[in-house]
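In: Here's a sequence, model it:
(one chain, ligands or ions: 1)
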Amino acid sequence: MPSLNDIRSTFLDFYARNGHKVVPSSPLVPRNDPTLMFANSGMVQFKDCFTGAETRDYVRATSAQKCVRAGGKHNDLDNVGYTARHHTFFEMLGNFSFGDYFKEGAIPYAWELLTKDFDIPKDRLLVTVYHTDDEAAAIWKKVAGLSDDRIIRIPTSDNFWQMGPTGPCGPCTEIFFDHGDKIWGGPPGSADEDGDRFIEIWNLVFMQNEQFADGSMRALDMQSIDTGMGLERIGALLQGKHDNYDTDLMRALIEASAHATSSDPYGPGKTHHRVIADHLRSTSFLIADGVMPSNEGRGYVLRRIMRRAMRHAHQLGAQDPVMHRLVPALVRQMGAAYPELTRAQALIEETLRLEETKFRQTLDRGLRLLDDELSALPEGSALPGAAAFKLYDTYGFPLDLTQDALREQGRTVDTEGFDAAMAEQKAKARASWAGSGETKDAAIWFDLSDEHGATEFLGYDTEKAEGSILSLVSAGAAVLKAVAGDKVQIVLNQTPFYAESGGQVGDAGILRTSTGRARITDTRKAQGLFLHVAEVTEGEIAAGQGAELEVDHARRASIQANHSATHLLNEALRRVLGDHVAQRGSLNAPDRLRFDFSHSKALSAEEIARVEAEVNGFIRQNGEVTTRIMAPDDARALGAQALFGEKYGDEVRVVSMGTLPGSAKGTDGQTYSVELCGGTHVARLGEVGLFVLLGDSASSAGVRRIEALTGEGALAHLNEQMKRLAEVASLLKASPAEVVERAKALVEERRSLANELAQLRREAAMGSGDAEVKDIGGVKFLSRIVSGVAGKDLPGLIDEMKSSVGSGAVLLISNNDGKAALAAGVTADLVERFSAVSLVKAAAEALGGKGGGGRPDMAQAGAADASNAEAAVKAVEAALEG
Ligand code: SER
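Out: Next up is the predicted model:
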């Protein structure tokens with residue numbers, strides 16, 4: 001009996017053998033469709049190849065595509081577990097031709113694979129065709145030899161396949177398997193077609209048209225093929241089962257669920273196990289593709305599926321979280337075909353464990369409330385909307401979880417009452433916000449957020465994606481369109497653009513629609529909405545359009561390099577300076593990073609060198625940067641650095657990087673930096689390239705600020721420094737290696753030359769200028785007026801003048817470029833009578849100067865104007881005369 005893994009390989013090998021390129025499944029979150037919540041068929045990743053908007057280097061492809069149908073248009077969630085063939089997650093096997101073969105190729109391939117490789121008896125197969133498609137009917141007759149009653153013409157949309165309200169489409173032919181008359185049901189198109197006897201196994205779509213939003217349709221330039229076959233269905237058939245949940249893969253998961261809950265896999269809890277097995281697949285694959293549980297958008301669909309499974313585990317009597325314990329069984333089954341599952345195993349387990357631990361805190365009480373409500377209701381009547389809302393709001397029960405719980409009792413929920421209660425709560429939140437004094441400008445963001453919910457951020461995983469334009473806002477008001485030259489803020493349902501927060505600046509880039517283009521210069525956040533600050537550069541863009549969004553990759557890469565370097569810097573500072581270091585602020589811009597932290601003194605050159613070397617060491621180590629979502633307590637236990645005073649929700653994103661050789665930090669003892677952070681980072685630290693610390697300065701009391709560069713910027717800075725060094729070397733006529741010695745020698749030489757010069761000046765001064773010895777009332781007074789003698793050289797000269805008079809007072813005035821430097825001296829025998837300080841002050845005053853100071857035997861002063869030095873001499877004479 002072939003396993004599901006064998007069947008998948010047989011399918012892909014068959015088409016590879018026939019010239020098809022085996023293309024891996026695209027992620028569950030479509031990058032190329034703004035309206036689609038999840039990939040729901042194999043053709044999604046190829047949709048532009050059919051319309052001709054995209055060409056690839058192959059024209060035939062085959063794939064096994066991960067699909068989720070839960071939330072949005074195709075929603076199978078409610079039926080999962082209760083039927084034989086509903087899943088939230090399934091795999092679609094397909095082959096595709098882009099303008100290569102058409103019906104005449106697709107039908108024979110399908111027939112050969114089914115009847116030869118899969119060895120299905122021909123007489124168990126029948127097909128439908130679109131009622132006007134004579135060509136397909138003729139090919140079936142020729143290729144398969146089917147009788148007319150086994151080629152059924154269907155006039156309804158069942159045989160005209162459309163991707164959605166717009167996009168490529170065309171008539172199709174579906175292949176059915178007849179399970180035999182032991183099972184009730186009629187062939188397609190008959191009154192009993194809903195029975196289970198005839199099961200559709202494969203849909204071949206003949207892509208030949210494109211549908212537009214205005215209802216019109218055009219013929220495509222080329223005719224293409226898109227086929228889809230659910231692996232679970234064909235698997236059941238080939239394994240001789242009637243129920244998809246009886247296939248080997250699903251049984252392995254069901255048995256893991258039974259083992260983890262110590263219950264019988266196929267007993268009374270059978271439905272619970274089926275729900276758990278299915279939901280384990282969808283939740284794990286969604287997490288592996290970057291979706292995280294939240295209360296909005298895709299994250300909320302994930303949360304709904306998870307919690308639904310968790311309630312079923314609870315029904316089985318599980319006392320502890322169960323789902324995460326089933327992940328290894330899933331990885332064993334599917335990890336080889338989908339390596340992303342293996343790579344994300346730890347993240348999946350952690351996310352499931354966290355969600356289940358949290359949900360269990362309210363699940364019991366919620367179920368008790370539900371029981372109480374139900375016991376007060378008449379038999380069979382619907383649960384009031386207010387009660388369902390309370391379960392939602394207080395106990396975290398998504399509406400479909402409550403509906404699922406009631407289904408077992410044949411009851412429903414009053415959904416109108418639920419919606420009314422939800423609307424009332426929103427109105428209350430709005431009223432309390434209106435009273436909170438926020439600016440009026442913000443009202444528009446509140447309105448839009450109310451109307452559309454938060455913007456979904458895709459930018460952790462991709463820099464390119466499509467989004468639907470929900471609103472254009474100009475000067476605080478919504479506008480319908482914007483034309484070239486207009487500046488607007490654009491709100492979309494989803495975006496790869498990071499909005500400024502946590503020190504990381506907002507992304508810039510390009511937005512394109514079918515009618516215009518805009519340059520996005522910044523992205524900000526308000527009320528959960530991402531506001532793309534834009535200038536329309538070509539044509540016009542309008543609300544309601546789909547848009548291609550492309551982040552400026554080089555700019556984002558530099559920002560990320562700076563952000564990751566900031567985390568390393570934060571840790572390096574703590575290790576070099578001490579545990580008191582705490583982040584006080586940061587900026588991660590494309591061209592630089594800035595980091596403020598608590599520390600009271602300047603960093604020494606040695607500390608700076610150590611920090612820089614440590615950061616660069618981890619960059620060269622080139623380790624992976626990993627991201628996990630966890631409960632704040634678990635993050636703290638890991639030693640995660642959090643921002644002081646910041647409020648964190650009940651789940652936090654934890655970014656880890658760098659591996660310490662055997663040192664102890666946190667519980668895993670190995671990770672260098674662990675921080676709570678919502679920003680984007682490099683995938684591996686080597687991408688940071690290089691880290692150069694420019695310097696540190698005081699930011700405010702007790703807070704230092706470091707500025708640094710990474711990557712290209714750091715290299716450019718170092719190159720600039722090298723260039724300067726080369727210039728200096730050339731000036732010094734030395735090699736760069738000799739520059740320091742040569743500079744030291746120059747400084748030494750300059751110092752001795754300066755000394756020599758001063759000496760010469762002194763000698764010249766003493767031998768020149770006006771010198772005069774007078775007798776003032778019996779006291780000898782020697783005064784001298786010179787020029788060009790520095791103030792610092794005056795005291796030495798005063799000493800010489802005092803020796804030359806023996807006993808008396810002396811005054812020296814130097815005219816230095818028009819300014820006066822003055823010094824006065826009194827010999828020791830006279831200091832009781834005269835003070836050099838008073839004498840120099842009197843001299844300075846005569847030259848318009850103020851002040852002067854020193855000791856009674858020698859004092860100095862300065863004055864702005866030396867031109868009237870004689871007056872200063874006179875003033876001192878007057879002072880000596882008393
Ligand atoms: N797109 C078609 C389907 O989903 C065939 O792949 O059924």
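In: What is the helix or strand containing A110 packed up against?
Out: Using DSSP states H and E, A110 maps to helix 103-112. If you count contacts as 3 or more CB pairs under 8 Å, 6 or more residues apart in numbering; DSSP states H and E, helix 103-112 packs onto helix 4-17, strand 89-97, helix 134-144, strand 198-211, strand 217-230. C-betas here are computed from N, CA, C, even on glycine.
In: Can you dump the C-alpha atoms of the second one in CSV for me?
Out: Listed in CSV are the C-alpha atoms of strand 89-97, where the atom choice follows Å, rounded to 0.1, in the frame of the first residue of the first chain:
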residue,chain,number,x,y,z
PHE,A,89,-5.0,22.0,5.7
PHE,A,90,-4.5,19.9,2.7
GLU,A,91,-2.0,19.3,-0.1
MET,A,92,-2.9,20.0,-3.7
LEU,A,93,-1.0,18.1,-6.4
GLY,A,94,-1.0,19.8,-9.7
ASN,A,95,0.5,20.1,-13.1
PHE,A,96,0.7,23.4,-15.0
SER,A,97,1.3,24.5,-18.6
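In: Just confirm yes or no for that strand near the ligand.
Out: Yes. If you take CB under 6 Å from any ligand atom as the test, strand 89-97 does meet the ligand, through G94.
In: any idea of the angle that strand forms with strand 217-230?
Out: Compare the direction of strand 89-97 with that of strand 217-230 by axes from the mean of the first three to the mean of the last three CA atoms, to 10 degrees and you get 130 degrees.
In: Strand 89-97: which residues count as buried?
Out: Neighbour-count burial for strand 89-97, counted by 16 or more other CB atoms under 10 Å, picks out F89, F90, E91, M92, L93, G94, N95, F96, S97.
In: Report the contact partners of the last one.
Out: Taking CB atoms under 8 Å, 6 or more residues apart in numbering as the criterion, S97 is in contact with V59, R60, G105, A106, S224, I225.
In: can you check the fifth one too?
Out: Shown here is L93, whose contacts under the criterion CB under 8 Å, 6+ apart are 8, 11-12, 42, 62-65, 228-231, 234.
In: same thing but 7 Å
Out: Applying CB atoms under 7 Å, 6 or more residues apart in numbering, we find L93 in contact with R8, F11, A64, M229, L231.
In: can you check the first one too?
Out: Shown here is F89, whose contacts under the criterion CB under 7 Å, 6+ apart are V68, D278, R281, S282, F285.
In: Against S752, how distant is it?
Out: Separation of F89 from S752 (CB to CB, to the nearest Å): 85 Å.
In: so where's this protein shaky on pLDDT?
Out: Applying pLDDT under 70 to the chain flags residues 71-74, 432-441, 643-649, 662-669, 768-770.
In: distance from the centroid: which residue in it tops it?
Out: In terms of distance from the mean C-alpha position of the chain, G778 ranks first, at 91.3 Å (CA atoms, centre = their mean).
In: Okay, strands next: where are they in the stretch 501-650 of the chain?
Out: In the stretch 501-650 of the chain, the segments counted as strands under DSSP state E, counting those that start in this stretch are 509-512, 516-526, 529-542, 546-551, 583-588, 593-598, 626-630.
In: Counting neighbours, which bits of the third one end up buried?
Out: Spelled out, that is strand 529-542. L529, F530, L531, H532, V533, A534, V536, E540, I541, A542.
In: Closest to N244 out of those?
Out: Distance to N244, by CB to CB, is smallest for F530 among the buried residues of strand 529-542, at 39.5 Å.
In: max-length helix in this protein?
Out: Longest helix of the chain, by residue count under DSSP state H: helix 345-375.
In: Could you point out the helix or strand that follows it?
Out: Where DSSP H and E defines the elements, the next helix or strand beyond helix 345-375 is helix 385-395.
In: Flag every buried residue along the next helix or strand after that next one.
Out: Sequence order places helix 399-407 as the next helix or strand after helix 385-395, per DSSP H and E. For helix 399-407, burial by neighbour count (16+ other CB under 10 Å) applies to L399, D400, L401, T402, Q403, D404, A405, L406.
In: gap between stretch 628-635 and the chain center?
Out: 17 Å (CA atoms, centre = their mean, to the nearest Å).
In: Give the buried residues for it.
Out: Neighbour-count burial for stretch 628-635, counted by 16+ other CB under 10 Å, picks out R628, I629, M630, A631, P632, D634, A635.
In: and that stretch, C-alpha only, in CSV?
Out: The C-alpha coordinates for stretch 628-635 follow below in CSV (Å, rounded to 0.1, in the frame of the first residue of the first chain):
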residue,chain,number,x,y,z
ARG,A,628,10.7,33.3,19.1
ILE,A,629,7.4,34.3,20.6
MET,A,630,7.0,33.5,24.3
ALA,A,631,5.4,34.5,27.6
PRO,A,632,7.1,37.4,29.3
ASP,A,633,8.1,35.2,32.3
ASP,A,634,9.8,32.7,30.1
ALA,A,635,11.6,35.5,28.3
